[in-house]
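Peer 1: model this:
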Amino acid sequence: MEKALAILNLNKLKGKVTLKHVGWIIVSLKVIILLYFIHLVIEGVQANTFQFGSMFFGFIVAGFVAQLIDGALGMAYGVSCTSLLLWFGIPPKFASASVHTSEIFTTGVSGLSHIRFKNIDKKLFFQIAITGSIGAILGAYLLSDILDGNLIKPYISVYLLGLGLYLLFKAYRNKAKAARKIKNAPLLAFCGGLLDAIGGGGWGPIVTSNLLSQGKNARESIGTVNTAEFFVTYFATAVFIFVLGVQHLEIVLGLIIGGVIAAPVGAYVASRINPRVLLTLVGVMVVLISSWSIFQAWF
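Peer 2: Reported below is the predicted structural model:
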């Protein structure tokens, strides 16, 4: 009885909250994290703690490549960026924390754009945003406070290798399915958020691809998942900051700078290049980098 009342109250809340409200929530949360980020940058400059060496330009390249891919495909920012950071020798928890922090600045804008153009299934949004955020919080806590980064790094590489192979499979799969009722969306989002936080990427490939495979409209699938991703990323970042603090701020700065530069280029590439070709290139890159990481760790 209590469970039924809780579900009823949640449904009433969903009915009262409009997408306009969701947009204002996104703006408010972005302002909070932006002010905090500016404070950290000022402190870092005053204390001269930033290390703007050759690696910093590597982080800019990683952010540029990842955003270029994401801008053209609508997914794979996390998996691409994390693969490159692990290749640079960044510990898994700092790689994931840096990627999620930088994503806040891109997913928020993306979510507001999708709300503006009405690319969102409101019912599906609430189903995946809530459980996806819970999964992300749990995954971020496990990675930052419980799991040994050196021990888990090869397994994260295996996970990324699997995602890379799946992207290759997706690039050459042409089967279209008729639309039908989406099954297990909350559970799917929970698993997507959990693995995204632990592995530093995978929300888009896991959730969007699964929804599309069930026959969900592509426009609404991408719009809904991308908007929900802001909350998944935000709460994962909050846990990383609470447990780890903000370390390696130069990584975040590099990713953001590279992403800002790549954003307009990604939009141009999206209009020019065959998505199958780009998806294949991403899959190959992720497979090669992950395989090299596995080889280094185990052999």
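
Peer 1: contacts, neighbours, all on C-alpha from now
Peer 2: Will do.

Peer 1: which residues of the stretch 151-299 of the chain fall in helices?
Peer 2: 185-199, 203, 209-213, 218-244, 249-272, 275-298 (DSSP state H, counting those that start in this stretch).

Peer 1: low-confidence ranges in the stretch 101-250 of the chain?
Peer 2: Applying pLDDT under 70 to the stretch 101-250 of the chain picks out residues 149-150, 174-180, 213, 218.

Peer 1: re the thing from before, select, out of the helices of the stretch 151-299 of the chain, the one closest to residue 108.
Peer 2: Go through the helices of the stretch 151-299 of the chain one by one with CA to CA and the one that ends up closest to residue 108 is helix 218-244, at 5.5 Å.

Peer 1: which residues touch residue 115?
Peer 2: Applying CA atoms under 8 Å, 6 or more residues apart in numbering to residue 115 gives the contacts 19, 20, 23, 223, 227.

Peer 1: what about it, is that helix, strand or coil?
Peer 2: Under DSSP: H, G, I helix; E, B strand; the rest coil, the three-state class of residue 115 is helix.

Peer 1: Kindly report the same for the one 4 residues further on.
Peer 2: Secondary structure, three-state DSSP: residue 119 is coil.

Peer 1: Just give the number of residues close to it.
Peer 2: By the criterion of other CA atoms under 10 Å, residue 119 has 19 neighbours.

Peer 1: Let me know whether it touches residue 220 as I believe.
Peer 2: Yes - with contact defined as CA atoms under 8 Å, residue 119 reaches residue 220; the gap is 5.0 Å.

Peer 1: Output the contacts of residue 115 in a markdown table; the columns should cover neighbour count.
Peer 2: Formatted as a markdown table, the contacts of residue 115 follow (neighbours: other CA atoms under 10 Å):
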| residue | neighbour count |
| --- | --- |
| 19 | 17 |
| 20 | 12 |
| 23 | 19 |
| 223 | 25 |
| 227 | 26 |
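
Peer 1: Could you dump those residues into TSV with distance to residue 35 added?
Peer 2: Formatted as TSV, the contacts of residue 115 follow (distance: CA to CA, whole Å):
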residue	distance to residue 35
19	25
20	23
23	19
223	27
227	22
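
Peer 1: which among these gets closest to residue 110?
Peer 2: Proximity to residue 110 was ranked across those by CA to CA; first place goes to residue 227, at 6.8 Å.

Peer 1: The closest one: what's it in contact with?
Peer 2: For residue 227, the residues meeting the contact criterion (CA under 8 Å, 6+ apart) are 107, 108, 110, 111, 112, 114, 115, 125.

Peer 1: Show me those that map onto helices.
Peer 2: Of those, the ones assigned to helices by DSSP state H are 107, 108, 110, 111, 112, 114, 115, 125.

Peer 1: measure the closest residue to the fourth one other than its chain neighbours to residue 107 for me?
Peer 2: The reference is to residue 111. Distance criterion CA to CA, 6 or more residues apart in numbering; nearest residue to residue 111, sequence neighbours excluded, is residue 227 at 3.9 Å. When CA to CA, to the nearest Å is the yardstick, residue 227 and residue 107 sit 7 Å from each other.

Peer 1: One more: residue 47?
Peer 2: Taken as CA to CA, the spacing of residue 47 relative to residue 107 amounts to 30 Å.

Peer 1: what's the answer for residue 37, then?
Peer 2: For residue 37, the distance to residue 107 under the criterion CA to CA works out to 16 Å.

Peer 1: These two: who's more crowded?
Peer 2: Neighbour comparison, residue 37 and residue 107: the larger count goes to residue 107, with 22 against 16 (by other CA under 10 Å).

Peer 1: my guess is residue 204 meets residue 224, correct?
Peer 2: No - with contacts counted by CA under 8 Å, residue 204 stays clear of residue 224, the gap being 10.7 Å.

Peer 1: quick one, which of those two is more surrounded?
Peer 2: Between residue 204 and residue 224, residue 224 has the larger neighbour count (other CA under 10 Å), namely 26 against 23.

Peer 1: ok, for that one, nearest residue in space, not its chain neighbours?
Peer 2: In space, not counting the residues next to it along the chain, residue 224 is nearest to residue 120; the distance is 4.7 Å by CA to CA, 6+ apart.

Peer 1: That concludes my questions; thank you for your assistance.
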